[in-house]
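**Q** take this sequence and fold it.
(chains A and B)
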Number of protein chains: 2
Amino acid sequence: MFQQLGLIGCGLIGGSFALALRQAGLVRQVVGYSKSPSTTERARQLGVIDTGAPSALQAVAGADIVVLAVPVAATESTLSAIRHGLGEQTLLMDVGSTKGDVVQAGLRALQHQAGNFVPAHPIAGKEVAGVEHAEGALFVGRHVILTPTERSRAEQVQRAIEVWSRIGARVLTMGAASHDAALAAVSHLPHLLAFAFMQSVAQQPDGARWLELAGPGFRDFSRIAAGDPTVWRDILLANREEVLRQSQAFREALVSFEAQIAAGDATGLGDAIGRASRARAALKPAFSH
Amino acid sequence: MFQQLGLIGCGLIGGSFALALRQAGLVRQVVGYSKSPSTTERARQLGVIDTGAPSALQAVAGADIVVLAVPVAATESTLSAIRHGLGEQTLLMDVGSTKGDVVQAGLRALQHQAGNFVPAHPIAGKEVAGVEHAEGALFVGRHVILTPTERSRAEQVQRAIEVWSRIGARVLTMGAASHDAALAAVSHLPHLLAFAFMQSVAQQPDGARWLELAGPGFRDFSRIAAGDPTVWRDILLANREEVLRQSQAFREALVSFEAQIAAGDATGLGDAIGRASRARAALKPAFSH
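**A** Down below sits the predicted model:
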């Protein structure tokens, strides 16, 4: 399907995409570039890429598919750096967790190549980062959301849908604003809450001793707090309006739970917890455990 | 070690304790009672108990070890119901998730039998309730916190330590107040946050559609929100002062994160997330994944 993948950012997601494409027989050659030469070299040693390039621009030369897997804040500068090396028909995608900012970055940084750009967000990951954790099956059964821009060409959107589908993902297409609102609620806010929770407990005098007593429920609840600080800092800032809107809505819900607890309102509290418990239990089986 | 266990409450925790004792060869006979006759019967059919008793009082007759595995709010009434059936040397324990209220209930409901009462909290569980999920290995490697009252006899505390140790638990002894402060931070607050989060998202107009996009991070973070509403209602109310104290501290941490996001303070936000991420990563390996 493709001759050469130009991969910018050889981390967990970018590396997993390269492995998935290769394992599906969808690409012949993978040329990769990472800001840190040691990362590029590790990706080569691990067989995630065939060749390391000394620059992003050189990594896209001759590629008929290019994927940006860099922190969202680096999207615009990376697009500007590679645009003159992109082929006329080269499918260009990112894998960023926020889309409104990425769409704008694409429209600003790209000229005629903007028609080939199809912003993408694979909802997949691990609490560990780095190319050594990359795996070709990472996207199997996962949602991948495409948010085409006003300039994305229909046939490139179609090719993007086909690529992700062939590596096992469940592809959805929606507007960037809808994506950012949804992900603020089900991904960005949970991370923010987990970060605030860990900091709140850890900074109390007895916090370290208390954490010794943490059980399995705590372990699952707080796992996402171990996420990469730079990545999550950029995501929370890039999607700040929606994240703050969700955080505000969450605090209102929390304060109303607190009021029921303080008042000893067993009936009201039981009903509220029951609604939350049913909402969680109603999630489709794939996500329920 | 024991001739007969009297089990009040044949659910996940009580049933698992009975199975663990039996599998360790620590008890000959298990007599069980649950408020719902069908639960008692199911426990018997599953071999978790040998005999079902028609009342809590009859379940403790002839027992040399009695365990209460009932919602914490039912502790005092249950102790009052069984106290006249307890033997002079019978070891009496509960498994409640809060301890200050249980200690007070014990001192109020018990007379001379108070010396045999050793409040206990095994920090173990599943997001599913019910005797059909009971397993003898549930407590292996888990912390069990004992909070002896001012009247608990030293030899009974020693026997309690030995029982839990022999079924694989890591036993700690502390005051009820210290227990309740610690558990509010690492167990009760995470549950409250997960309940408030699920309710906040589910009650928004697009919430159901958003939840369709939830990924693995969300799945882990929200798993505890599926907890039993009655059990958690009682825990949050029984430990309300400490829970509200922790919820307040959490909201202050969240608001300061929000301020950094709103101000676009990348440095401050990155540092704060970094501290939270390191605190989570620093947890001992047993709990880190």
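**Q** drop to CA atoms for contacts and neighbour counts, all remaining ones
**A** Will do.
**Q** which residues of the stretch 151-289 of chain A fall in strands?
**A** Taking DSSP state E, counting those that start in this stretch to define them, one finds strands in the stretch 151-289 of chain A at A:170-173.
**Q** show me where pLDDT drops low in it?
**A** A:284-289 (pLDDT under 70).
**Q** can you pull out the helices in it?
**A** A:154-166, A:176-183, A:189-202, A:207-211, A:216-222, A:229-238, A:240-262, A:266-281, A:285-288 (DSSP state H, counting those that start in this stretch).
**Q** and the longest one, what other elements does it pack with?
**A** Think helix A:240-262. For helix A:240-262, the elements it packs on are helix A:189-202, helix A:266-281, helix B:189-202, helix B:229-238, helix B:240-262, judged by 3 or more CA pairs under 8 Å, 6 or more residues apart in numbering or on different chains; DSSP states H and E.
**Q** who in the stretch 1-150 of chain A is up against chain B?
**A** A:123-126, A:142-143 (CA under 8 Å from any CA of the partner chain).
**Q** mind doing that once more with 10 Å?
**A** Residues of the stretch 1-150 of chain A found near chain B (CA under 10 Å from any CA of the partner chain) are A:122-127, A:142-145.
**Q** out of those residues, who's the most crowded?
**A** Compared across the residues of the stretch 1-150 of chain A next to chain B, A:Ile145 has the highest neighbour count, 26 neighbours, by other CA atoms under 10 Å in any protein chain shown.
**Q** now the helix or strand encompassing it: mean pLDDT?
**A** Taking DSSP states H and E as the criterion, A:Ile145 maps to strand A:143-146. Mean per-residue pLDDT for strand A:143-146: 97.
**Q** could you dump it to CSV, C-alpha only?
**A** Extracted as CSV, the C-alpha positions of strand A:143-146 are listed here (Å, rounded to 0.1, in the frame of the first residue of the first chain):
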residue,chain,number,x,y,z
HIS,A,143,-10.8,3.9,18.6
VAL,A,144,-9.0,6.2,16.2
ILE,A,145,-10.6,9.6,15.7
LEU,A,146,-9.9,11.5,12.4
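**Q** against which helices or strands is it packed?
**A** strand A:120-122, helix A:154-166, strand A:170-173, helix A:176-183 (3 or more CA pairs under 10 Å, 6 or more residues apart in numbering or on different chains; DSSP states H and E).
**Q** which residue does the stretch 1-150 of chain A have closest to chain B?
**A** Closest to chain B within the stretch 1-150 of chain A is A:Ile123: 6.0 Å, counting by CA to the nearest CA.
**Q** that residue contacts A:Ala169, doesn't it?
**A** Yes - at 9.4 Å, A:Ile123 counts as touching A:Ala169 under the criterion of CA atoms under 10 Å.
**Q** tell me the strands beside the strand holding A:Ile145, with direction?
**A** Using DSSP bridges, strand A:143-146 pairs in its sheet with strand A:120-122 (antiparallel), strand A:170-173 (parallel).
**Q** break chain A into its domains for me.
**A** Per automatic domain parsing, the domain ranges recorded for chain A read A:2-174, A:178-287.
**Q** kindly reformat the ones you listed as a markdown table containing distance to B:Val66.
**A** Shown next, in a markdown table, are the domains of chain A (distance: least, CA to CA, whole Å):
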| stretch | distance to B:Val66 |
| --- | --- |
| domain A:2-174 | 43 |
| domain A:178-287 | 25 |
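**Q** start and end of stretch A:150-157, how far apart?
**A** 12 Å (CA to CA, to the nearest Å).
**Q** what's the offset of it from the middle of its chain?
**A** With CA atoms, centre = their mean, to the nearest Å as the basis, stretch A:150-157 stands 22 Å off its chain's centre.
**Q** please apply the same query to stretch A:169-181.
**A** Distance of stretch A:169-181 from the chain centroid (CA atoms, centre = their mean) equals 12 Å.
**Q** okay, how far is it across that stretch, tip to tip?
**A** Length of stretch A:169-181, first residue to last, CA to CA: 21 Å.
**Q** return the set of buried residues in that stretch.
**A** A:169-171, A:175-177, A:179-181 (16 or more other CA atoms under 10 Å in any protein chain shown).
**Q** now swap in stretch A:126-142 and tell me
**A** Using 16+ other CA under 10 Å as the test for burial, stretch A:126-142 gives A:126, A:130-132, A:134-142.
**Q** got the helices and strands packed on helix A:240-262 as a markdown table, with distance to B:Phe221 columns?
**A** As requested, the helices and strands packed on helix A:240-262 are exported to a markdown table (distance: least, CA to CA, whole Å):
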| stretch | distance to B:Phe221 |
| --- | --- |
| helix A:189-202 | 7 |
| helix A:266-281 | 11 |
| helix B:189-202 | 7 |
| helix B:229-238 | 17 |
| helix B:240-262 | 16 |
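**Q** follow-up on the earlier one: mutual contacts of A:Ile123 and A:Ala169, please.
**A** A:138-139, A:141-145 (CA atoms under 10 Å, 6 or more residues apart in numbering or on different chains).
**Q** before we move on, the earlier item: possible to save the buried residues of stretch A:126-142 as CSV with secondary structure?
**A** Shown next, in CSV, are those (DSSP: H, G, I helix; E, B strand; the rest coil):
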residue, secondary structure
A:Lys126, coil
A:Gly130, coil
A:Val131, helix
A:Glu132, helix
A:Ala134, coil
A:Glu135, coil
A:Gly136, coil
A:Ala137, coil
A:Leu138, coil
A:Phe139, coil
A:Val140, coil
A:Gly141, coil
A:Arg142, coil
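**Q** which one of those residues is nearest B:Asp271?
**A** A:Gly130 (20.4 Å; CA to CA).
**Q** for the closest one, which residues are in contact?
**A** A:10-15, A:39, A:42-43 are the contacts of A:Gly130 under CA under 10 Å, 6+ apart.
**Q** can you check A:Gly136 too?
**A** Contacts of A:Gly136 by CA under 10 Å, 6+ apart are A:13, A:15-24, A:48, A:167-168.
**Q** how many neighbours does the residue nearest to it when sequence neighbours are not counted have?
**A** Leaving out its chain neighbours, the residue that sits closest to A:Gly136 by CA to CA, 6 or more residues apart in numbering or on different chains is A:Ala20, at 3.9 Å. By the criterion of other CA under 10 Å, A:Ala20 has 26 neighbours.
**Q** for A:Ala20, give me the pLDDT.
**A** We have a pLDDT of 98 for A:Ala20.
**Q** part of a strand, is it?
**A** No - inclusion of A:Ala20 in a strand is not indicated when three-state DSSP is applied; the result is helix.
**Q** so which of the strands paired with strand A:143-146 is nearest B:Arg240?
**A** B:Arg240 sits nearest to strand A:120-122 of all the strands paired with strand A:143-146, at 40.9 Å, using CA to CA.
**Q** so how far is the closest one from its chain's centroid?
**A** Worked out by CA atoms, centre = their mean, strand A:120-122 lies 7 Å from the chain centre.
**Q** then stretch A:178-192?
**A** 11 Å.
**Q** any residue of that stretch up close to chain B?
**A** Yes - judged by CA under 10 Å from any CA, stretch A:178-192 and chain B are in contact via A:178-179, A:181-192.
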